[in-house]
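**Student:** One predicted model, sequence on top.
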Amino acid sequence: MTDITDLQSNRHTVRSFDEDLSLLTAKVMEMGAVAEKQVAQSIEDQQNRASALASIAETQAMLVAT
C-alpha cells in the first residue's frame, strides 16, 4: 500500500522535472533566436562587404580606363 508521503514526494518530483524541462526549453529557444540573429547579421555583413568590394573594383576599373 502506498502512503500519502510517497504520493506527495512523487508529485513534487514530477513538478520539479516539469519546471526544469520548461526552463530548458526556454533557454534552447533563446539560444536559437540568438543563433538566428547571428546568421542573419553574418549574411548582411557578407552582402555589404561584397557590395563594397564591387564598388572598389568598379572605381579602380574606371581609374585604369581613363
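**Tutor:** Structure received. For clarity, every value in this text was computed on a predicted model and none was experimentally measured.

**Student:** give me the low-pLDDT residue ranges for the protein?
**Tutor:** 1-2, 4 (pLDDT under 70).

**Student:** how distant is the helix or strand containing E58 from the center of its chain?
**Tutor:** Assigned by DSSP states H and E, E58 belongs to helix 4-65. Relative to the centre of its chain, helix 4-65 is centred 1 Å away, using CA atoms, centre = their mean, to the nearest Å.

**Student:** Same question for stretch 59-66.
**Tutor:** Centre-to-centre, stretch 59-66 and its host chain are 43 Å apart (CA atoms, centre = their mean).

**Student:** Check which helices and strands the helix holding E58 is in contact with.
**Tutor:** The contact analysis (3 or more CB pairs under 8 Å, 6 or more residues apart in numbering; DSSP states H and E) places helix 4-65 against no helix or strand. Backbone N, C-alpha and C define where each C-beta goes, glycine included.
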